[in-house]
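Asker: Structure for this input, please:
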Amino acid sequence: MDSSLTARRVLAKAAVQIGGVAQLAARLNIGARLLGEYLTGARAIPDALLLAAIDVVLEELPEPRNAPRADAPPERGSVRGS
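Answerer: The predicted structure is shown next:
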C-alpha cells in the first residue's frame, strides 16, 4: 500500500473520531483548508503532522481489558516495580 494513502487514511480516521475536519484542523493547529489539501493528496503530509494525527487516533482506542493502567501501582516482583 502506498504510504501517502496510508497517511491520508490516518488523517481521515482522526477527523472522523474527533468530529470533523474543522475540529481536527484546530487540534493540529493548522487551517481546515490546508488539512483538506493533505486529505486529498494535493500536499504531502509532514511526518510531525502524521504523528499528531496518530496520537488522536490512539487516544480514542479502548484500553485493553487486562492491561495494567499506567497510573496503577506496580505489582510486587514485576519488572516495573523492581
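Asker: tell me the secondary structure for residue 43?
Answerer: Residue 43 falls in the coil class when you classify it by DSSP: H, G, I helix; E, B strand; the rest coil.
Asker: Could you find the closest non-adjacent residue to it?
Answerer: The shortest distance from residue 43 to any non-neighbouring residue, by CB to CB, 6 or more residues apart in numbering, is to residue 37 (4.5 Å). Where you see a C-beta, it was placed from the backbone N, CA and C, and this is true even at glycine.
Asker: Can you give me the distance of that neighbour to residue 15?
Answerer: 13 Å (CB to CB, to the nearest Å).
Asker: Next, the buried residues of the longest helix along the chain.
Answerer: Secondary structure of the chain read by DSSP state H shows that its longest helix is helix 3-18. Buried residues in helix 3-18, defined by neighbour count with 16 or more other CB atoms under 10 Å: 7-8, 10-11, 13-15, 17-18.
Asker: and of the residues you listed, the nearest to residue 55?
Answerer: Among the buried residues of helix 3-18, residue 14 lies closest to residue 55 (CB to CB), at 8.5 Å.
Asker: Show the residue spans covered by the helices in this structure.
Answerer: Shown for the chain, the helices assigned by DSSP H span residues 3-18, 21-28, 32-40, 47-59.
Asker: out of those, which comes closest to residue 66?
Answerer: For residue 66, the closest of the helices of the chain is helix 47-59, at 18.4 Å, according to CB to CB.
Asker: which residue is nearest the middle of the chain?
Answerer: The centroid of the chain falls nearest to residue 54 when counting by CA atoms, centre = their mean (2.2 Å).
Asker: Just the pLDDT at residue 63, thanks.
Answerer: Note for residue 63: predicted pLDDT of 77.
Asker: Now do it: how many residues are near it, please.
Answerer: 9 (other CB atoms under 10 Å).
Asker: can you check residue 71 too?
Answerer: Neighbours of residue 71 (other CB under 10 Å): 5.
Asker: give me the low-pLDDT residue ranges for the chain?
Answerer: The chain contains residues with pLDDT under 70 at 1, 67-70, 72, 74-82.
Asker: picking up where we left off before, now distance to residue 73 too, for the helices of the chain, in TSV please.
Answerer: As requested, the helices of the chain are exported to TSV (distance: least, CB to CB, whole Å):
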stretch	distance to residue 73
helix 3-18	31
helix 21-28	32
helix 32-40	41
helix 47-59	24
